[in-house]
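Asker: sequence below, structure please.
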Amino acid sequence: MLRRIVRLPRPMLRTLVPTRNYQVARLDTSLKTNYDSLTDYGSYKNNIFTHRLPESTAQQSPPLVALHSRLNLPTSYSLSTLSQALNLNKFDDGLANNFGLNTLGKNLMSYYVAEYLLIKYPRLPMPIHNAAVDSLMGVETLHEIGKSWGIEVDQSSKLEKYLSQESEFLKYGKLRFVSEQRKSQVKEDGVYELSQEEIASLHRNKSFVAKETEAYASAVRSIVGGLYTHVGEDATKAFISDHILSRKLPLEQMFQFSQPTRELIRLCDKLSFTEPVEIRLIAETGRLSAHPIYVAGAFCGVEKLGEGIGSSLAEAKTRSVVNALLSYYLYSPISADGADVKFPSDIDYKFEGIVGTGDVAI
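Answerer: Presented below is the predicted three-dimensional model:
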């Protein structure tokens, strides 16, 4: 049984301290910020020097070189950028973290995923569209993608590295997000100590997302962001298409109709169909046997909208209505020559389909 232990967080580092007639924020001591006067904001100085990992040092990290080759990244994609994409620590020996790359990669993935779904399946209802986006680029999905890429987590502490005589270059090719304080604690399977971010996520989303899962997702997004900065939009779009959009998306399993017949009638009214909707029995066999089979169809006049098979007449009718709805919602437009329509990010794009007609109200 999975146990979750949530320890009370430390006091917030940024608290308000009353000073005369106004309030001044206390500074996070980890920022190593000095000041001459608490109220003289011009005297605040940050003593931390942040720099990128030298390329010569990054080339001596076997896991980093292997990951670069495994992802078939171009030679212009520097190993130092790839190492930065794997670093989530706020301060890791003064090395720059992946905050900027993560933000850039997330925006790029959001655009291309939304573009793909809106053009490929323009009639998807909004809840299904959101579920499809989450299935393609959600935290859990990106976590699995990152693990499939062979990204390892740097879990050993400095003491363990010293005792095992581990090369310092190995960590630059691993996912770094755990502080030294949390590394030194004894771990037990199924027991998690939540950080401030994890507690906030638990309160906001009503679900627990492990720090490691978030770290893997951030690394994947950062790698995409780094690719854009080095080689531009075309290569980034191809990379997202190969690793994100190429995944099988079972859209038909995301639908759940509570009143399918009523929704089909409302849909036909919305489409200005003049004929009434009728459910007709098309074929049957073995009505008096232990295993009868019925084939029903949903019709609007002489047009058959959907067909369903069931072991009972009611099941066949329901399946025919559901299939009629799915055939409408999962419609994918094609161009005049029968090929897939182009996306707005493609060269010589010309609008050929539809983008949303609104959900059906029932």
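Asker: looks to me like Asp337 is in a strand.
Answerer: No - using DSSP: H, G, I helix; E, B strand; the rest coil, the assignment for Asp337 is coil, not a strand.
Asker: could you pull out the helices for the stretch 251-362 of the chain?
Answerer: Along the stretch 251-362 of the chain, the stretches classed as helices by DSSP state H, counting those that start in this stretch are 260-270, 313-329.
Asker: and those helices: which comes nearest Arg287?
Answerer: Closest approach to Arg287 among the helices of the stretch 251-362 of the chain (CB to CB): helix 313-329, 9.2 Å. Placement of C-beta: from N, CA and C, glycine included.
Asker: show me the shaky parts of the stretch 201-350 of the chain.
Answerer: Across the stretch 201-350 of the chain, the ranges flagged by pLDDT under 70 are 201, 205-207.
Asker: in stretch 140-153, which residues are buried?
Answerer: By neighbour count on 16 or more other CB atoms under 10 Å, the buried set for stretch 140-153 is Thr141, Leu142, His143, Glu144, Ile145, Gly146, Lys147, Ile151, Val153.
Asker: kindly reformat the residues you listed as JSON lines containing secondary structure and distance to Arg266.
Answerer: Converted to JSON lines, the buried residues of stretch 140-153 look like this (DSSP: H, G, I helix; E, B strand; the rest coil; distance: CB to CB, whole Å):
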{"residue": "Thr141", "secondary structure": "helix", "distance to Arg266": "33"}
{"residue": "Leu142", "secondary structure": "helix", "distance to Arg266": "37"}
{"residue": "His143", "secondary structure": "helix", "distance to Arg266": "39"}
{"residue": "Glu144", "secondary structure": "helix", "distance to Arg266": "38"}
{"residue": "Ile145", "secondary structure": "helix", "distance to Arg266": "39"}
{"residue": "Gly146", "secondary structure": "helix", "distance to Arg266": "43"}
{"residue": "Lys147", "secondary structure": "helix", "distance to Arg266": "44"}
{"residue": "Ile151", "secondary structure": "coil", "distance to Arg266": "48"}
{"residue": "Val153", "secondary structure": "strand", "distance to Arg266": "50"}
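Asker: rewinding a little: the helices of the stretch 251-362 of the chain: which one's closest to Thr229?
Answerer: Comparing the helices of the stretch 251-362 of the chain by their distance to Thr229 (CB to CB), the top pick is helix 313-329, with 37.7 Å.
Asker: what does that closest one contact?
Answerer: The contact list for helix 313-329 (CB atoms under 8 Å, 6 or more residues apart in numbering) reads 121, 123-125, 128, 252, 255, 257, 260-261, 263-264, 267, 279, 281, 284, 294-298, 305-310.
Asker: switch the cut-off to 6 Å
Answerer: Residues outside helix 313-329 that contact it (CB atoms under 6 Å, 6 or more residues apart in numbering) are 123, 252, 257, 260-261, 264, 279, 294, 296-298, 305-310.
Asker: now the buried members of those.
Answerer: For these, buried by 16+ other CB under 10 Å: 123, 260-261, 264, 279, 294, 296-298, 305-308, 310.
Asker: hang on, the earlier thing: out of the helices of the stretch 251-362 of the chain, deepest packed?
Answerer: Neighbour counts (mean count of other CB atoms under 10 Å) averaged over each of these peak at helix 313-329, with a mean of 20.
Asker: which other helices and strands does whatever helix or strand Val220 lives in contact?
Answerer: Secondary structure assignment for Val220, by DSSP states H and E: helix 211-231. Helices and strands touching helix 211-231, as assessed by 3 or more CB pairs under 6 Å, 6 or more residues apart in numbering; DSSP states H and E, comprise helix 79-85, helix 99-120, helix 139-148, helix 233-240.
Asker: now do the domain split for the chain, please.
Answerer: Structurally, the chain divides into domains by automatic domain parsing as follows: 55-252, 255-329.
Asker: rebuild those domains as JSON lines, extending it with distance to Ser345.
Answerer: Compiled in JSON lines, these are given as follows (distance: least, CB to CB, whole Å):
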{"stretch": "domain 55-252", "distance to Ser345": "6"}
{"stretch": "domain 255-329", "distance to Ser345": "24"}
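Asker: out of those, the one nearest Ala339 is which?
Answerer: domain 55-252 (13.0 Å).
Asker: and that closest one, how far out from the chain middle?
Answerer: Centre-to-centre, domain 55-252 and its host chain are 10 Å apart (CA atoms, centre = their mean, to the nearest Å).
Asker: how long is it end to end?
Answerer: With CA to CA, to the nearest Å as the measure, the ends of domain 55-252 fall 47 Å from one another.
Asker: closest to Tyr349 out of the domains of the chain?
Answerer: The stretch from the domains of the chain with the least distance to Tyr349 (CB to CB) is domain 55-252; that distance is 9.7 Å.
Asker: mind listing what's buried in stretch 118-137?
Answerer: Neighbour-count burial for stretch 118-137, counted by 16+ other CB under 10 Å, picks out 118-124, 128-129, 131-133, 135-137.
Asker: then stretch 103-122?
Answerer: For stretch 103-122, by 16+ other CB under 10 Å, it's 104-106, 108-109, 112-113, 115-122.
Asker: cool, and stretch 64-84?
Answerer: Neighbour-count burial for stretch 64-84 [16+ other CB under 10 Å]: 64, 67-68, 71, 73, 77-84.
Asker: still on that earlier bit, quick check, nearest of the buried residues of stretch 103-122 to Arg204?
Answerer: Among the buried residues of stretch 103-122, and counting by CB to CB, the member closest to Arg204 is Lys106, at 17.0 Å.
Asker: thank you, goodbye.
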